[in-house]
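Engineer: coordinates only, sequence not included:
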């Protein structure tokens with residue numbers, strides 16, 4: 001009787017973290033004629049090499065406490081050499097993404113693919129470093145071409161077969177990954193993985209050292225900056241107390257300290273007088289800008305100017321790059337080469353007195369602490385101004401208040417006119433932003449819905465005007481409430497024809513679905529009215545067409561009468577589909593179907609040769625929402 005073989009134990013391919021040290025096995029590639037003494041000598045030599053490599057990394061850590069890059073470079077070189085690998089890399093993790101920071105012997109194709117993926121990439125299982133990051137554990141693949149999850153394209157680009165990755169974990173959070181690769185499908189041994197784990201621990205030490213060093217340096221810098229801010233504030237207060245009737249020394253002290261501490265190129269202080277801003281102090285201004293301001297010391301900001309925004313909001317204006325829109329500060333952009341702008345309002349009882357502005361000739365935003373310092377200066381400037389104005393500026397202040405009320409009334413009247421002639425969403429956005437940028441011509445991907453009544457022309461020709469107007473009032477009231485409910489923008493309506501657009505000016509996640517859901521509710525609502533009209537002897541139906549695509553949107557018309565319009569093929573397709581729709585049908589284009597097919601049931605109705613459209617268009621009739629089935 002044949003004796004059954006006992007089952008073999010599964011062979012380990014990687015060592016989880018915090019497991020006991022695994023004894024190094026004899027190499028499987030040793031020549032068969034190697035003597036025991038030669039083997040011991042070789043193993044002793046390799047052990048010394050490992051110790052020398054780890055000691056070298058520790059030495060670099062001690063020598064570079066503020067820079068982890070030399071540590072990473074030494075680790076990838078030693079890892080490749082001691083593990084018999086051809087490639088190695090260190091990755092850093094941040095916000096659930098990772099990027100490569102050190103490599104050894106990467107191929108040109110692998111480097112190209114890294115650059116194509118971008119600086120940071122999300123982890124996934126097609127990449128060994130991504131697996132280690134996701135699983136928070138060592139991952140070992142003896143042959144990536146035999147692994148169905150691993151990216152074959154990535155493996156062929158790098159030219160590797162066997163890979164292993166060790167995560168750099170702190171409090172079970174991945175801070176990085178160390179990976180090595182072989183050109184042959186030969187598994188890494190346990191002692192090699194253990195060695196990589198040692199290198200990973202050293203990389204963590206380097207990362208932690210840099211973090212502590214940066215934190216200490218930041219604390220030192222914060223203390224130094226706090227002392228500078230306190231000294232500057234005290235200096236300004238001293239100038240205010242010593243010059244109660246003179247504003248020029250106070251303003252100069254503020255601007256000098258603000259530009260120096262905030263690392264700005266120049267600074268200005270303006271006072272708001274009536275309907276304009278007057279420059280009363282400058283520091284560090286270029287000659288060309290200084291000459292321009294001397295020639296025109298009064299600024300009457302036009303549309304888009306940052307001081308107009310400041311006036312309307314009474315909040316700070318912080319712009320990263322004014323060269324993107326020179327209308328924000330025309331003189332600064334032209335004569336001072338200004339890029340980053342910070343303007344702080346000077347408020348007294350929430351009324352604008354003036355503003356302090358500092359500017360940089362490079363694109364670099366100001367920090368919160370720098371903004372806080374200039375805000376304190378603005379408050380001190382108000383105090384200084386009030387000390388001087390108490391004697392001789394009371395009448396002037398009253399004139400400013402009257403002018404300000406006039407400006408506010410004009411703004412209210414302007415917004416009231418906007419609401420009369422523009423869609424509610426457009427008017428509300430203009431009111432909220434204080435600018436009319438939404439009215440400018442722009443291109444956007446939208447969903448357009450067109451609906452009208454079937455048989456309305458015959459009804460209007462054979463009915464009294466009063467009956468026609470009564471029916472239209474019922475019709476518009478029914479669909480108007482539904483349009484508001486779904487957030488559609490009423491582009492236009494003429495008689496029974498109504499055009500509604502989605503995704504402009506208010507963005508919508510899925511404008512096509514929103515339009516179809518609105519159309520279904522419209523069909524139900526108008527269906528009830530149709531039954532009522534049929535009892536009155538009116539044979540009227542209702543059809544809808546919906547299309548999705550790009551359009552140009554903005555105002556059209558003339559002074560005193562403007563409309564908000566969407567111009568493009570998408571509007572024409574929606575209108576033509578509506579013309580083809582039978583009573584009760586909602587015809588949608590293929591692009592709309594692609595966006596709603598998971599949520600809506602439809603039926604094909606055939607191809608239509610639409611006027612103005614070169615090719616026949618396949619249309620689909622909307623039946624119902626899938627949740628309703």
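Structural biologist: Arrived safely, thanks for sending. Only a predicted model underlies this, so the values are computations on that prediction, with no experimental measurement involved.
Engineer: just want the phi and psi numbers for the closest residue to residue 126 other than its chain neighbours.
Structural biologist: With sequence-adjacent residues excluded and distances taken as CB to CB, 6 or more residues apart in numbering, residue 126 is closest to residue 151, at 3.8 Å. Yep, even glycine has a C-beta here, placed from its N, CA and C like the rest. With angles defined as degrees, to the nearest 10, residue 151 sits at phi -70, psi 110.
Engineer: how close does residue 151 sit to residue 582?
Structural biologist: 51 Å (CB to CB, to the nearest Å).
Engineer: comparing the two, which residue is more hemmed in?
Structural biologist: Ranked by neighbour count (other CB atoms under 10 Å), residue 151 and residue 582 place residue 151 first, with 18 against 11.
Engineer: counting neighbours, what do you get for residue 488?
Structural biologist: Per other CB under 10 Å, the neighbour tally for residue 488 reads 26.
Engineer: could you measure from it over to residue 205?
Structural biologist: From residue 488 to residue 205 the distance is 59 Å (CB to CB).
Engineer: next one: residue 70
Structural biologist: For residue 70, the distance to residue 205 - CB to CB - is 13 Å.
Engineer: repeat for residue 156
Structural biologist: 35 Å.
Engineer: ok, now which ones touch the closest residue to residue 627 other than its chain neighbours?
Structural biologist: Leaving aside its sequence neighbours, residue 627 sits nearest to residue 599 (CB to CB, 6+ apart; 7.6 Å). By CB atoms under 8 Å, 6 or more residues apart in numbering, the contact list for residue 599 reads 513, 625, 626, 627.
Engineer: kindly report the same for residue 520.
Structural biologist: Each residue near residue 520 by CB under 8 Å, 6+ apart is listed here: 586, 622, 624, 625.
Engineer: give me the number of residues near the nearest residue to residue 304 once chain neighbours are set aside?
Structural biologist: Excluding its sequence neighbours, the residue lying closest to residue 304 (CB to CB, 6+ apart) is residue 327, at 3.9 Å. By other CB under 10 Å, the residues close to residue 327 number 14.
Engineer: residue 179 bridge partners, please.
Structural biologist: Note on residue 179: beta-bridge partners by DSSP bridges are residue 89, residue 165.
Engineer: what residues are up against it?
Structural biologist: Counting by CB under 8 Å, 6+ apart, residue 179 makes contact with 88, 89, 91, 128, 129, 132, 163, 164, 165, 166.
Engineer: any chance of TSV for the residues you listed, columns distance to residue 375?
Structural biologist: Below are the contacts of residue 179 laid out as TSV (distance: CB to CB, whole Å):
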residue	distance to residue 375
88	51
89	46
91	41
128	50
129	45
132	47
163	54
164	54
165	49
166	49
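Engineer: which of the residues you listed lies closest to residue 212?
Structural biologist: residue 91 (21.4 Å; CB to CB).
Engineer: and that closest one, what pLDDT?
Structural biologist: Looking at residue 91, its pLDDT is 88.
Engineer: so which helix or strand takes in it?
Structural biologist: Element membership of residue 91 [criterion: DSSP states H and E] is strand 87-94.
Engineer: tell me the first helix or strand C-terminal of that strand.
Structural biologist: Proceeding N to C from strand 87-94, the next assigned helix or strand is strand 97-104, under DSSP H and E.
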